[in-house]
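Colleague: Build me a structure from this.
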Amino acid sequence: MNRRASVLREMGLAPLWRLRDAPEAGGDSPPAEEHAAAAGVSDAADVVAAAPGRERLAVPAAAARPPVMPTASPVVAPAPVRVATDGMDWDELEAAIGACRACALHERRTMAVPGVGDRAADWLFVGEGPGAEEDLRGEPFVGQAGKLLDAMLAAIGLARGRNVYIANAVKCRPPGNRTPEAVEMTTCQPYLERQIELIQPRIIVALGRPAAQTLLGGEVKINAARGRLFDRAGIPVVVTYHPAYLLRSPQDKAKAWEDLCFARAALAPR
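Modeller: A predicted model of the protein is given here:
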């Protein structure tokens with residue numbers, strides 16, 4: 001194969017057809033246009049002709065034009081289902097959470113995890129979602145992250161179930177303990193909102209970014225949000241790290257301690 005043929009092949013102008021030399025007058029070989037038609041070339045202008053007696057190359061017209069690819073349809077995320085919790089008391093709310101089928105998280109759960117604690121607590125701690133042990137027991141923060149949370153509570157004079165309620169942004173375990181997706185958090189949010197209405201806490205502590213974004217309704221970066229007092233319908237919100245993150249990054253435990261002290265100071269009577 002000569003260099004020109006190699007270049008044409010690299011450009012996608014292959015296969016190539018070699019035409020015979022021009023016949024002498026009176027011969028019975030077909031003219032170049034007939035060679036082009038026989039090779040699938042739609043226009044004689046697509047025949048690249050050399051001087052008489054030299055090689056000629058025919059390039060199919062279709063090969064010279066890139067194929068038109070169909071436009072892919074955009075992927076549309078499913079719209080969240082709006083669950084109704086208006087007017088529910090605690091028993092009705094927990095029954096609705098246990099029977100919920102509003103998002104795909106229910107498909108793999110063992111148990112829904114509504115929350116646990118003092119239903120008239122001053123303190124509400126909100127995490128991300130149940131883990132494997134929580135899914136089996138139906139109670140939030142019972143694994144290693146839960147043990148650390150209990151230690152964090154004890155450090156500021158609190159205890160699980162005593163003036164403390166613990167809940168999650170989503171009530172069913174995300175597969176593989178992944179971060180809940182936006183549609184899942186939006187779907188589950190009315191349950192958390194009703195819990196807040198029933199508890200009427202004096203302060204809310206958001207444990208991790210998904211919980212903070214659910215409570216504050218926008219993008220939140222933990223490092224930027226720490227040390228600030230946010231307002232959610234008249235209830236102060238403090239943002240800190242999730243205990244599971246602190247297990248992976250123990251160097252930030254001192255920062256979480258500072259955040260809890262900040263929350264306690266914000267709650268203290270002035």
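Colleague: Kindly list the longest helix within this protein.
Modeller: For the chain, the longest helix by residue count, based on DSSP state H, is helix 182-199.
Colleague: who does the helix or strand following it pair up with?
Modeller: Where DSSP states H and E defines the elements, the next helix or strand beyond helix 182-199 is strand 203-207. Strands flanking strand 203-207 in the sheet, each with its direction: strand 123-127 (parallel), strand 235-240 (parallel) (DSSP bridges).
Colleague: Dump strand 203-207 to PDB, keeping only the CA atoms.
Modeller: These are the backbone C-alpha positions of strand 203-207, laid out as PDB (Å, rounded to 0.1, in the frame of the first residue of the first chain):
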ATOM      1  CA  ILE A 203     -31.800  23.700  69.200                       C
ATOM      2  CA  ILE A 204     -30.900  21.400  66.300                       C
ATOM      3  CA  VAL A 205     -27.500  19.900  65.600                       C
ATOM      4  CA  ALA A 206     -26.900  18.800  62.000                       C
ATOM      5  CA  LEU A 207     -24.500  15.900  61.900                       C
END
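Colleague: can you list the residues that contact the following helix or strand past that strand?
Modeller: Per DSSP H and E, the first helix or strand lying C-terminal to strand 203-207 is helix 209-216. Residues external to helix 209-216 that are found in contact with it (Cβ atoms under 8 Å, 6 or more residues apart in numbering): 126-129, 168-169, 179-180, 185, 189, 192, 204, 206, 219-222, 225, 230, 232, 237, 239, 242. The C-beta positions use only the backbone N, C-alpha and C, and glycine is treated the same way.
Colleague: Give me the buried entries from these.
Modeller: Buried members of those, counted by 16 or more other Cβ atoms under 10 Å: 126-129, 168-169, 180, 185, 189, 192, 204, 206, 220, 222, 225, 230, 237, 239, 242.
Colleague: low-scoring stretches of the chain, by residue?
Modeller: In the prediction, the chain carries residues with pLDDT under 70 at positions 1-80, 269-270.
Colleague: For it, which segments count as helices?
Modeller: For the chain, applying DSSP H gives helices covering 3-10, 32-39, 61-64, 90-98, 132-137, 144-155, 182-199, 209-216, 222-225, 243-248, 253-267.
Colleague: Of all the ones you listed, which one is nearest V83?
Modeller: Judged by Cβ to Cβ, the one of those that comes nearest to V83 is helix 182-199, at 5.0 Å.
Colleague: Name the residues of the closest one that are buried.
Modeller: Of the residues in helix 182-199, those with enough neighbours to count as buried (16+ other Cβ under 10 Å) are 184-196, 198-199.
Colleague: With stretch 261-270 instead?
Modeller: Of the residues in stretch 261-270, those buried under the neighbour-count criterion (16+ other Cβ under 10 Å) are F262, A263, R264.
Colleague: Relative to D86, which of those is nearest.
Modeller: Nearest member of these to D86, counting by Cβ to Cβ, is A263, at 29.6 Å.
Colleague: In contact with the closest one, which residues are there?
Modeller: By Cβ under 8 Å, 6+ apart, the residues touching A263 are I156, I203, V205, V238, T240.
Colleague: Could you report the neighbour count for A132?
Modeller: A total of 12 residues lie near A132 under the criterion other Cβ atoms under 10 Å.
Colleague: Let me see the contact set for it.
Modeller: G143, R173, N177.
Colleague: I figured the first one was touching D135, is that so?
Modeller: Just to be clear, that refers to G143. No. When contacts are counted by Cβ atoms under 8 Å, G143 is not listed as touching D135 (10.1 Å).
Colleague: Check the burial of A96 by counting its neighbours.
Modeller: Summarising burial for A96: neighbours were counted as other Cβ under 10 Å, giving 20.
Colleague: Thank you, goodbye.
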